[in-house]
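> what shape does this take:
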Amino acid sequence: MSTQGWSIRLYDAADELVWAIKLNFLLLAFTLLDGVALGIGPATLTAYSLARRRSSGESFHAWPAFRAGFRREFARGTVVVLPLLTVAVVLTGNYLYFASLGARASIPRLACFAALGVLTVIAAYLLPMAVHYDLRPRDLLPKASLMAISHPASSVVLLFVFVTIAYLSSTLPVIGLVLAAGGWIQLNTWLCLRFFAENEARLHLKGNS
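Sure, this is the predicted structure:
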């Protein structure tokens, strides 16, 4: 590859890194802006919405776009995100409790761990789906669950990416604070848009066959 080609690739990589850091900052700022409990839902859904626009090649100013999206998604973001977070907190608490009991609680501990993995995969489909399709909140969970079950290879990819980012965040806390959430949301959205497109193309072929 030519020097110019490498320069373009490096510039694109740096641009994506800066965008992920910016998205991470906006997510944290707007989550804290309205209190964590009330802010995290709309902030998360807005971050996914902007990640979708970025993945689709749109150009926009991040701060005003996030502010407008936060207001627009306040109610829906709370309804969509808070139940997922509640279940995640309960499962994590149970996992830690059973882990403290040692080997005698290994089965329920592993069950909680597996449930967290399933929840992660479903959420990884559900949140990009919420900003990509015009669906009612109550329709998101069954459709995301079906997508997770019917596309095991894609589900494994999403889980692998999430675990990798989580591991890097735990070993390098600075990355976790500055980059992890924004990087995950952007990668999650980028991957799911392609998975959704492949699924739609497959369904279209089946419909024509």
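
> buried ones in the strand or helix carrying Ala29, by neighbour count?
Per DSSP states H and E, Ala29 falls inside helix 3-33. Buried residues in helix 3-33, counted by 16 or more other CB atoms under 10 Å: 19-20, 23-28, 30-31. Using the backbone N, CA and C atoms, a C-beta is placed for each residue, glycine as well.

> and the nearest residue to Phe30 once chain neighbours are set aside, how close does it get to Thr189?
Using CB to CB, 6 or more residues apart in numbering and skipping the chain neighbours, the partner closest in space to Phe30 is Ala43 (4.1 Å). As for Ala43, its distance to Thr189 is 15 Å (criterion: CB to CB, to the nearest Å).

> for Gly69, same thing?
Gly69 sits 14 Å away from Thr189, going by CB to CB.

> which stretches of the protein have low pLDDT?
The chain contains residues with pLDDT under 70 at 1-5, 208-209.

> which parts of it are helices?
Listed in chain order, the helices of the chain (DSSP state H) span 3-33, 36-55, 62-72, 74-100, 106-132, 137-150, 152-171, 173-175, 181-208.

> out of the ones you listed, deepest packed?
Here the criterion is mean neighbour count by mean count of other CB atoms under 10 Å, and of the helices of the chain the winner is helix 36-55, at a mean of 22.

> tilt between that one and helix 62-72?
For helix 36-55 against helix 62-72, the angle by axes from the mean of the first three to the mean of the last three CA atoms, to 10 degrees is 130 degrees.

> now helix 36-55 - C-alpha only, PDB.
Output in PDB follows, covering the C-alpha atoms of helix 36-55 (Å, rounded to 0.1, in the frame of the first residue of the first chain):
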ATOM      1  CA  VAL A  36     -28.100   9.500  36.600                       C
ATOM      2  CA  ALA A  37     -31.500   7.700  36.900                       C
ATOM      3  CA  LEU A  38     -33.400  10.100  34.700                       C
ATOM      4  CA  GLY A  39     -30.500  11.000  32.300                       C
ATOM      5  CA  ILE A  40     -29.000   7.600  31.400                       C
ATOM      6  CA  GLY A  41     -32.000   6.400  29.300                       C
ATOM      7  CA  PRO A  42     -32.400   9.300  26.900                       C
ATOM      8  CA  ALA A  43     -28.600   9.900  26.800                       C
ATOM      9  CA  THR A  44     -28.000   6.300  25.800                       C
ATOM     10  CA  LEU A  45     -30.700   6.200  23.100                       C
ATOM     11  CA  THR A  46     -29.500   9.600  21.800                       C
ATOM     12  CA  ALA A  47     -25.900   8.300  21.600                       C
ATOM     13  CA  TYR A  48     -27.100   5.300  19.600                       C
ATOM     14  CA  SER A  49     -29.100   7.600  17.300                       C
ATOM     15  CA  LEU A  50     -26.000   9.800  16.600                       C
ATOM     16  CA  ALA A  51     -23.900   6.600  16.100                       C
ATOM     17  CA  ARG A  52     -26.400   5.500  13.500                       C
ATOM     18  CA  ARG A  53     -26.200   8.800  11.700                       C
ATOM     19  CA  ARG A  54     -22.400   8.700  11.800                       C
ATOM     20  CA  SER A  55     -22.400   5.100  10.500                       C
END
